[in-house]
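Novice: heads up, no residue letters with this:
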Ligand SMILES: *Cc1c(COP(=O)(O)O)cnc(C)c1O
């Protein structure tokens, strides 16, 4: 027998891994600088590592208390009710849970183009159809209500990413509010704030109190450096909060992730260092890269290098891994994650050698 027809389902293409590149190119993995997946260049918070060690002997039990402890902490931090926090396996899990909760087969969703590949994937698992709204390079990928609303036609979910991956552009809170107000009451505006820690712009969490048609996605994968644990959450309006228990995969988040997440939230120094360094790196890349770059609110910069695939390939030979943006429909661009100071300087040096 065969799986059902999966031809509309495009496999997710992650950034290349260190081991994979090292083996393929005969390089020492310890000398590689990986700036292709927007990971934290400082690694996880040491407090989170300690929490994982301490929790290891108890992984034979289901994570009930751990789950509640982390949800309660996040509810407290965001000043929402416990039921308004939907823990999930990564921010990707949020996309799945909201798709499960909102999409009937045949519903349609509206995603940004270019944009994050898992929006259409998670919607298609629910047999939804996918339309897109354009972010134009000629407008520096500006995100305006008109961008979204001109393509809007009663979609059930509208996805907004701010700061946006891979362009770095941001959508103002007032503009997100406009989109939510101008779309139907039965349209969910899903605000993906995976990179919100890296910007000073006001975030949208207040909208889940003001409205019943907005949800926020957050993740521990980026600023908190816990990508390998798969930990994220949604903030949702109180009105439909009890849907979580009906759609989540039981014990959605593992116990080590819950404990590490709690510890990471307490390690403000780690997040601050991460964010400050990312800001420095963004500026450094804007100033020193011999290629046009765009303003970014995230921990990465999009650069126009000509032939993104060739540049990515040549940089890899020199031990620097960046993200070729062909899969985003931007074959002339690469996306460079903000590294440590040393890593960023090395990446810019190598890229300047290989860009012509
Ligand atoms: C990284 C990312 C996410 C979530 O990633 P997880 O590792 O699943 O938490 C969500 N949206 C965007 C735009 C991202 O770049």
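Specialist: Received, thanks. Since this is a predicted model, take the numbers as computed values, not measurements.

Novice: Go through the longest helix seen in the chain and flag the buried ones.
Specialist: Longest helix in the chain, counting residues (DSSP state H): helix 268-288. Judged by neighbour count using 16 or more other C-beta atoms under 10 Å, the buried positions of helix 268-288 are 270-271, 274-275, 277-279, 281-282, 284-285. From N, CA and C alone the C-beta is placed, and that goes for glycine too.

Novice: Near the ligand, list only the ones from these.
Specialist: With the criterion set as C-beta under 6 Å from any ligand atom, no member of those is near the ligand.

Novice: Kindly reformat those as TSV and extend each row with pLDDT.
Specialist: As requested, the buried residues of helix 268-288 are exported to TSV (pLDDT from 0 to 100):
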residue	pLDDT
270	98
271	98
274	98
275	98
277	98
278	98
279	98
281	98
282	98
284	98
285	98
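
Novice: which of those lies closest to residue 212?
Specialist: residue 271 (30.8 Å; C-beta to C-beta).

Novice: Now for the closest one: which residues touch it?
Specialist: Residues in contact with residue 271 (C-beta atoms under 8 Å, 6 or more residues apart in numbering) are 45, 197, 223-224, 264.

Novice: Please apply the same query to residue 218.
Specialist: So residue 218 contacts 91, 94, 193-194, 196, 232-235 (C-beta under 8 Å, 6+ apart).

Novice: For residue 113, give me its contacts.
Specialist: 132-135, 329.

Novice: and with 10 Å instead?
Specialist: 120, 130-136, 151, 328-329 (C-beta atoms under 10 Å, 6 or more residues apart in numbering).

Novice: Buried ones among these?
Specialist: For those, buried by 16+ other C-beta under 10 Å: 120, 130, 132-133, 135, 151, 328.

Novice: Determine which two of those residues are furthest apart.
Specialist: Among the buried ones among the contacts of residue 113, 151 and 328 lie farthest apart (C-beta to C-beta), at 17.8 Å.

Novice: circling back to that earlier point, out of the contacts of residue 271, list just those in helices.
Specialist: residue 264.

Novice: want to throw the contacts of residue 271 into JSON lines with distance to the ligand and neighbour count?
Specialist: Shown next, in JSON lines, are the contacts of residue 271 (distance: C-beta to the nearest ligand atom, whole Å; neighbours: other C-beta atoms under 10 Å):
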{"residue": "45", "distance to the ligand": "16", "neighbour count": "27"}
{"residue": "197", "distance to the ligand": "12", "neighbour count": "20"}
{"residue": "223", "distance to the ligand": "11", "neighbour count": "24"}
{"residue": "224", "distance to the ligand": "10", "neighbour count": "25"}
{"residue": "264", "distance to the ligand": "13", "neighbour count": "25"}
